[in-house]
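Enquirer: here you go, sequence then predicted model.
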Amino acid sequence: MASAKKLITAQLDFNAVKEFKGDLTDLILQASSQDQLKALLLERYHRNETGTLSIEIHDQAAIFRWILPHVVMEAEKLHKQALEKARGRQYKEAISNWIKAISLNPRDPDYYFNTGIAFFEEKNYQQSIENLEKTLSLCPIYHKASLILGTIFLKLRKFDKAEHHLKESIYFNPNNSLAILNLAAVYSILKRYDEGINAFEKVLQLVPEEPRAWFGLGKIYSIMGHNKKANECFYKTIELDKKGTLALHAKRALITEETSVSLDIGVQSTDGNRPPVDENTLESILAEGYKAYIFGDYPRAVELYRKYIEYKSKDDYVWYSLGEAYIRTGQVKEAAAAFRNAIKLSPNKGLYYKQLAVAYDYLGESEKAANAAEQATRFGKKDSIVYTIWGKNLLKQKRILDAIDKLETALKLNKANLNAEYHLALAYMENNDQAAALDHLHWILNAKTNSPLKMQAEALLEKINA
């Protein structure tokens, strides 16, 4: 039974549109009158006939009212049940209820939005994107969907889409510090440093004690060579984050007065003893190593990290950082050794086991790679990459059913993981299940992402069809 209506309101802030420039900024500048502006906004935000949209123009804002004329009470009941499930983190059950609600009323954006959020919590980003994009196709002023989409696209390193959706979110909610923080991260990655600085500073106007904004500012200032400003930001990060991970990174990133560090400090004297080195010099070496890594000078980073470890061999994080630098110079055996040393010093960190698994995978040491991946999950690192490495290397050991289990878990965590798709197809072939193998190969070939795996999938498909 249908009854009542559903109202969604939103306010577009013209100052935010001017501050965070995008295609909407250009659109507004085209308008020579309020009537023309209203017409342009209606054209942009009323893209379908699902609901009715009205706009009022004020001095610095546009007020939107979107009305869905068709509300199905049975669907609303399922919606409320799903919300209860989601509050209890029972996302699969919640998703099931929302899908049923959608089947009863496929024009209600609330159901798609909340389904998208539940999939996001499950780290099923592809399904989340599809539901959130559907939300916006039904109700383009549903700016909360834009925020989550921008966050997901940032995670997936699709920066153009991330920037578009984050800006759209900010236009409707200019005081959302998380959206601006994520947009600042996009600018930083894209090396649009002036825009990044402005965005991070905007975050700090809203939340003065946000350590992520201080650290982001510090990184940009460091890259731009503004060492004094960078250090001020890093010290502020350390102050606010106390003993957190960001504080650790900030300590490593501090720039010392000595802009050039000699590597001769570790040359032994004639009596075979290493000359003494003061703490400031060691911190200079570490800061320079971190900076070299940021700038992509990985051989220099390796040299500096090694020199630091000569004097402080009990620092697990520097061993880990050395391993990361080794991998990027192609010295994978050395990287594995560095990760093993990090693990000896701190045996409960899943990240170290994950990177050791990556190194062993590169080296083709399947048993060691699988064991390291298993340890990574044991200590909390349960992401799609870890499960892919684990499954891929179980497959090499002919442990087919175990491999399928781990690779399917990898896909549940990230539907866009083509590497997991490909190795799952191989596993199903080994298990004499060609139909399942074909499903995964066709999914790879139809994926929008360009990847060398598509060529491998085509070759495997030809082999099956031969």
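Expert: Received the coordinates, thanks. Numbers count the residues shown, from 1 in each chain.
Enquirer: and E84, how many residues sit next to it?
Expert: A count of nearby residues for E84, using other Cβ atoms under 10 Å, gives 12. From N, CA and C alone the C-beta is placed, and that goes for glycine too.
Enquirer: OK, contacts around it?
Expert: Taking Cβ atoms under 8 Å, 6 or more residues apart in numbering, we find E84 in contact with no residue.
Enquirer: name the element it belongs to?
Expert: helix 73-87 (DSSP states H and E).
Enquirer: how about E56?
Expert: Per DSSP H and E: strand 52-57 holds E56.
Enquirer: ok, now M455?
Expert: helix 453-465.
Enquirer: A369 now?
Expert: A369 belongs to helix 366-378, assigned by DSSP H and E.
Enquirer: buried residues in that helix, which are they?
Expert: Buried residues in helix 366-378, defined by neighbour count with 16 or more other Cβ atoms under 10 Å: 366, 368-377.
Enquirer: same question, stretch 154-162
Expert: 154, 156, 158, 161-162.
Enquirer: returning to what we had before: can you redo the buried residues of helix 366-378 as a markdown table with pLDDT?
Expert: Formatted as a markdown table, the buried residues of helix 366-378 follow (pLDDT from 0 to 100):
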| residue | pLDDT |
| --- | --- |
| S366 | 95 |
| K368 | 97 |
| A369 | 96 |
| A370 | 96 |
| N371 | 97 |
| A372 | 97 |
| A373 | 96 |
| E374 | 96 |
| Q375 | 96 |
| A376 | 95 |
| T377 | 94 |
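Enquirer: closest to P208 out of the residues you listed?
Expert: Set against P208, the nearest of the buried residues of helix 366-378 by Cβ to Cβ is A376 (36.7 Å).
Enquirer: need the contact list for that closest one.
Expert: 350-351, 353-354, 357, 382, 386.
Enquirer: just these now: which is nearest E232?
Expert: The nearest member of these to E232, counting by Cβ to Cβ, is L351 at 28.8 Å.
Enquirer: how is the closest one assigned, secondary-structure-wise?
Expert: helix (DSSP: H, G, I helix; E, B strand; the rest coil).
Enquirer: is it true that it touches K382?
Expert: No - counting by Cβ atoms under 8 Å, L351 sits too far from K382 to count as a contact (11.7 Å).
Enquirer: picking up where we left off before, I'd like to know which of the buried residues of stretch 154-162 is nearest to G289.
Expert: L154 (27.4 Å).
Enquirer: for F64, helix, strand, or coil?
Expert: Going by three-state DSSP: F64 is strand.
Enquirer: roughly how far apart are it and H143?
Expert: Distance, F64 to H143, using Cβ to Cβ, to the nearest Å: 10 Å.
Enquirer: what touches both of these two?
Expert: A10.
Enquirer: now the closest residue in space to R107 that isn't next to it in sequence: how far from L68?
Expert: Leaving out its chain neighbours, the residue that sits closest to R107 by Cβ to Cβ, 6 or more residues apart in numbering is T50, at 4.9 Å. T50 is 7 Å from L68, where distance means Cβ to Cβ.
Enquirer: identify the contacts common to those two.
Expert: 107, 139.
Enquirer: helix or strand: which one has the residue nearest to E458 when sequence neighbours are not counted?
Expert: If the residues on either side of it in the chain are set aside, E458 comes closest to L445, at 6.7 Å by Cβ to Cβ, 6+ apart. L445 belongs to helix 434-446 when assigned by DSSP H and E.
Enquirer: which residue is nearest the centroid of the chain?
Expert: K155 (2.1 Å; Cα atoms, centre = their mean).
Enquirer: wait, doesn't that one sit right on S128?
Expert: No - look at K155 against S128 with Cβ under 8 Å: they stay out of range, at 10.4 Å.
Enquirer: that older thread, contacts for the strand holding E56?
Expert: 34, 37-38, 41-42, 45-46, 62-67, 69, 141.
Enquirer: out of those residues, which are buried?
Expert: Using 16+ other Cβ under 10 Å, the buried ones in the contacts of strand 52-57 are 37-38, 41, 45-46, 62, 64, 66, 141.
Enquirer: can you pick out the most distant pair from those?
Expert: L37 and W66 (18.0 Å).
Enquirer: where along the stretch 251-400 of the chain do the helices fall?
Expert: Assigned by DSSP state H, counting those that start in this stretch, the stretch 251-400 of the chain shows helices spanning 279-294, 298-311, 316-328, 332-345, 350-363, 366-378, 384-396, 400-413.
Enquirer: what's the most buried one of the ones you listed?
Expert: When the helices of the stretch 251-400 of the chain are scored by mean count of other Cβ atoms under 10 Å, the highest mean neighbour count falls to helix 384-396 (a mean of 24).
Enquirer: what's that one packed up against?
Expert: Under the contact criterion of 3 or more Cβ pairs under 8 Å, 6 or more residues apart in numbering; DSSP states H and E, helix 384-396 touches helix 350-363, helix 366-378, helix 400-413, helix 418-430.
Enquirer: TSV for these, including distance to A199?
Expert: Putting these into TSV (distance: least, Cβ to Cβ, whole Å) gives the following:
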stretch	distance to A199
helix 350-363	28
helix 366-378	34
helix 400-413	30
helix 418-430	32
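Enquirer: quick one: closest of those helices to R212.
Expert: Between the helices and strands packed on helix 384-396, helix 350-363 lies closest to R212; by Cβ to Cβ that is 18.6 Å.
Enquirer: CA atoms only: put the closest one into CSV for me.
Expert: Written as CSV, here are the backbone C-alpha positions of helix 350-363 (Å, rounded to 0.1, in the frame of the first residue of the first chain):
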residue,chain,number,x,y,z
GLY,A,350,50.4,-7.8,11.0
LEU,A,351,51.8,-5.2,8.7
TYR,A,352,55.3,-6.6,8.9
TYR,A,353,54.0,-10.1,8.1
LYS,A,354,52.0,-8.8,5.1
GLN,A,355,55.0,-7.1,3.6
LEU,A,356,57.1,-10.2,4.2
ALA,A,357,54.4,-12.2,2.4
VAL,A,358,54.6,-9.7,-0.5
ALA,A,359,58.4,-10.2,-0.7
TYR,A,360,58.2,-14.0,-0.6
ASP,A,361,55.5,-13.9,-3.3
TYR,A,362,57.9,-11.9,-5.5
LEU,A,363,60.6,-14.4,-4.9
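Enquirer: and that helix with helix 366-378, angle?
Expert: 160 degrees (axes from the mean of the first three to the mean of the last three Cα atoms, to 10 degrees).
Enquirer: other SSEs contacting helix 350-363?
Expert: Short answer (3+ Cβ pairs under 8 Å, 6+ apart): helix 350-363 packs on helix 316-328, helix 332-345, helix 366-378, helix 384-396.
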